[in-house]
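Asker: sharing a sequence plus its predicted fold:
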Amino acid sequence: MAETSQEQAIGTIEQPTPYENEEAQAGFLKVSAPMMGLTWLTFGILAFVLYKIAWKPVLSALDNREKQISAALDEAEKTREAYAEIEQQRQKLIDEADAKAREIVEQARKAAIESAQIIEAKARDEAGIMLANAEREITTAHAAALADLRRESADLAISLSRKILADQIDEPRSRDIVKRILEKV
Amino acid sequence: MAAASTTAERTQAVKDYVFSHVSNSDHWALPFFDVHLPGWLTLHGLMLIVAALILIALFGLAFRRNDRVPRGLAGALEAIVKFVRDNISIANLGEEDGRRMAPLFCSLFFFVLTLNLMGIVPLFATATGNLGVTTALALVTLGVMIGGAIYKNGLIGFAKAFVPAGIPIPVLIILAPIEFMGMFIKTFALTIRLFANMLAGHIVIFVLLGLVVIFGGIALPSVVLAIGIDLLEVLIAPLQAYIFTLLSAMFIAQIHHPEH
């Protein structure tokens, strides 16, 4: 039964044509000159056509792209160097500006201190002068006030005495008495 | 005895079938009809033409637009072209000669690759399993070796390639002919390597499948092996194209730059 199914399987094998039998049995080790000629012809035409439509544009595009990439990388390197230089200059400028600012601030601080000292000295001088003036004015006013007080007191005493002694003592004598009294005050 | 005779017949039938399928033919067996080829054209010859047309169509379509940055198929093909140029041509022949000869190696690589791959596609046949095809392709390499060396170094320079420097004359008498023969042996090795690799894979697959026909269902596991070999063929196809192109570049470089 199994034998029959195998026979059927053989039956499905496509039987080689006489040409195939001859060629196959003659061996596939045979080198056919027409086949070589056809291979050269096909390969020659293919290589020419592909050179025109593929290799030439593709390889030149690759070359161009490599050059562009190389140029772009060089450019990037130059840009990076320029940027580094600019950054260095910027840092230098910042440092200089910083130093300048510190110097200005220091100078301003010194000037401010000097101004403050001058102003303080001036104020102190002015205050001294004002104080001296005030003291002098006070002394003057005090003396004037004392003189006024003496005079007013004398006048008041005279006036009072006049009223009290109006009729008892004559005026010059009274005046001398008052004067003596006042000198004792 | 009768069973043994039947097995022998089946074996013979499988053998005939295998040989007929790996050999050249005068017709193209398609699923529902046979295309009988004209007298000047055989199946492998037809495969050469089909491979050339496929390549022209493929590259023509892929690079029909001159994109600044290729995408998709064009990008993939360009990557392979770049690989062939850099890793095969320039790597062996140097910057100047490598760039100049890159188109030749690209043509060789893609042609052999397409022929190899067609062998594992149903309906097509393996033209690189034909000794005439591989011989012709190897002779292209030999032609470039000899012609290029004479063009580049002159006849004397070409002859000097077989006379290594610093070798005593008595040794040279033996060595120079060996070097000269070596040039043809290399070409022959190139021919046989591609031919045998492509043919052997297909024979193994057919034989493994034929085991089922000879021994019946018990040999069914061999189908799995056949599938495995078929998958291996997918790897072998580009590998052999690469090896053929790489060795061509190496042989050409050796004779173009004998000082290296």
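Answerer: That came through fine.
Asker: touching chain B at all, the biggest helix by length in chain A?
Answerer: Across chain A, the longest stretch assigned as helix under DSSP state H is helix A:56-165. Yes: Helix A:56-165 reaches chain B (CB under 8 Å from any CB of the partner chain) through A:56, A:57, A:58, A:59, A:61, A:62, A:63. All C-beta spots, glycine's among them, are computed from the backbone N, C-alpha and C.
Asker: could you tell me which of the residues you listed count as buried?
Answerer: A:58, A:59, A:61, A:62 (16 or more other CB atoms under 10 Å in any protein chain shown).
Asker: picking that back up, now pLDDT too, for the residues of helix A:56-165 next to chain B, in a markdown table please.
Answerer: Output for the residues of helix A:56-165 next to chain B, formatted as a markdown table (pLDDT from 0 to 100):
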| residue | pLDDT |
| --- | --- |
| A:56 | 89 |
| A:57 | 87 |
| A:58 | 87 |
| A:59 | 88 |
| A:61 | 86 |
| A:62 | 86 |
| A:63 | 87 |
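Asker: tell me the one among these nearest to residue B:117.
Answerer: Of all those, residue B:117 sits closest to residue A:58, with 20.4 Å by CB to CB.
Asker: show me what contacts that closest one?
Answerer: By CB atoms under 8 Å, 6 or more residues apart in numbering or on different chains, the contact set of residue A:58 is B:63, B:77, B:78, B:81.
Asker: show me these that map onto helices.
Answerer: Per DSSP H, the subset of these in helices is B:77, B:78, B:81.
Asker: count of residues packed around the first one?
Answerer: The burial metric for residue B:77, expressed as a neighbour count using other CB atoms under 10 Å in any protein chain shown, is 19.
Asker: my read is that it contacts residue B:60, right?
Answerer: No: the pair residue B:77 / residue B:60 is not scored as a contact, 11.3 Å apart, by CB atoms under 8 Å.
Asker: so which of the ones in helices among the contacts of residue A:58 reach chain A?
Answerer: Among the ones in helices among the contacts of residue A:58, chain A is touched by B:77, B:78, B:81 when using CB under 8 Å from any CB.
Asker: can you add distance to residue B:253 and pLDDT and give these back as CSV?
Answerer: Formatted as CSV, these follow (distance: CB to CB, whole Å; pLDDT from 0 to 100):
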residue, distance to residue B:253, pLDDT
B:77, 25, 90
B:78, 24, 89
B:81, 19, 93
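Asker: got JSON lines for those residues, with distance to residue A:154 too?
Answerer: Converted to JSON lines, those look like this (distance: CB to CB, whole Å):
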{"residue": "B:77", "distance to residue A:154": "137"}
{"residue": "B:78", "distance to residue A:154": "133"}
{"residue": "B:81", "distance to residue A:154": "137"}
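Asker: which one of these is nearest residue B:244?
Answerer: Of all those, residue B:81 has the smallest distance to residue B:244: 16.6 Å, by CB to CB.
Asker: below-threshold pLDDT in chain B: ranges please.
Answerer: B:1-5, B:66-68, B:259-260 (pLDDT under 70).
Asker: now do the strands in it.
Answerer: For chain B, the strands defined by DSSP state E cover B:27-29, B:34-36.
Asker: of those strands, flag the one that's most buried.
Answerer: Of all those, strand B:27-29 carries the top mean neighbour count, a mean of 17, counting by mean count of other CB atoms under 10 Å in any protein chain shown.
Asker: who does that strand touch, helix- and strand-wise?
Answerer: strand B:34-36, helix B:43-62 (3 or more CB pairs under 8 Å, 6 or more residues apart in numbering or on different chains; DSSP states H and E).
Asker: elements contacting the longest one?
Answerer: The helices and strands touching helix B:43-62, judged by 3+ CB pairs under 8 Å, 6+ apart, are helix A:33-50, strand B:27-29, helix B:72-83, helix B:91-119, helix B:131-160.
Asker: of all those, which lies closest to residue B:49?
Answerer: Of the helices and strands packed on helix B:43-62, nearest to residue B:49 by CB to CB is helix A:33-50, at 5.9 Å.
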